[in-house]
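Trainee: Compute the structure for the input listed below.
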Amino acid sequence: MSSSPLLSNSWSAVGETRRETSAANPLPEAASDAHRSDLLSDQPTADLAAAEPEAEAPTKASFWRVFFSTFVTIFLAELGDKTQLTTLLMSAESHSPWVVFLGAGSALIATSLIGVLLGQWLARRLSPRTLDTAAGTLLLAITVWLLWDIASF
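Mentor: Next up is the predicted model:
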């Protein structure tokens with residue numbers, strides 16, 4: 001079972017970030033004994049100093065890939081949803097669009113922070129495959145529940 005393409009792309013970008021980080025920082029066990037002793041010393045070697053700039057480029061590319069993937073996913077998901085319609089109505093009713101904007105923006109930042117912290121906590125305890133399966137199952141259950149609600153009218 002798979003989740004939406006946008007969610008899958010977000011998870012793919014996160015997975016690529018993890019793979020690129022692992023590739024840029026190989027485990028000391030893969031090094032020779034002489035090189036391993038250099039890794040354990042406090043003095044940087046020419047090999048390690050030369051590898052540092054290369055490690056920065058994939059990290060920056062990964063950052064922007066994840067950032068834009070997240071932005072597009074959330075932006076498209078939020079267009080025309082109940083939050084946007086609610087802020088539209090509150091702005092029209094209150095005649096204070098900037099106050100509504102600040103309140104709605106603060107609420108979205110707070111809920112996003114909760115989501116990010118919960119996601120980080122879950123990612124430490126569960127594999128990406130398990131998280132993807134759980135998200136897909138949850139979305140499928142919500143869909144069935146909504147269809148059942150519509151059919152029972």
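Trainee: What does the pLDDT read for residue 143?
Mentor: Model confidence at residue 143, given as pLDDT, is 95.
Trainee: Would you list the phi and psi of it?
Mentor: phi -60, psi -50 (degrees, to the nearest 10).
Trainee: how many neighbours does it have?
Mentor: 10 (other Cβ atoms under 10 Å). C-beta coordinates here come from the backbone N, C-alpha and C atoms, glycine included.
Trainee: Output the lowest mean pLDDT helix or strand found in the chain.
Mentor: Least confident helix or strand, the chain: helix 33-40 with a mean of 46, by mean pLDDT, DSSP states H and E.
Trainee: pLDDT below threshold where in the protein?
Mentor: 1-58 (pLDDT under 70).
Trainee: same thing but at 90, please
Mentor: 1-61, 77-81, 152-153 (pLDDT under 90).
Trainee: Helices along that one, start to end?
Mentor: Taking DSSP state H as the criterion, the chain carries its helices at 5-24, 33-40, 46-78, 82-94, 97-125, 128-151.
Trainee: Also compute the angle for the fifth one relative to helix 128-151, please.
Mentor: Using axes from the mean of the first three to the mean of the last three Cα atoms, to 10 degrees, the interaxial angle of helix 97-125 with respect to helix 128-151 works out to 130 degrees.
Trainee: Summarise which helices and strands helix 97-125 is packed against.
Mentor: Judged by 3 or more Cβ pairs under 8 Å, 6 or more residues apart in numbering; DSSP states H and E, helix 97-125 is in contact with helix 82-94.
Trainee: What residues of the helix it packs on count as buried?
Mentor: 87, 90-91 (16 or more other Cβ atoms under 10 Å).
Trainee: Next: stretch 121-138.
Mentor: Here stretch 121-138 shows 131-132, 135-136 as buried, counting by 16+ other Cβ under 10 Å.
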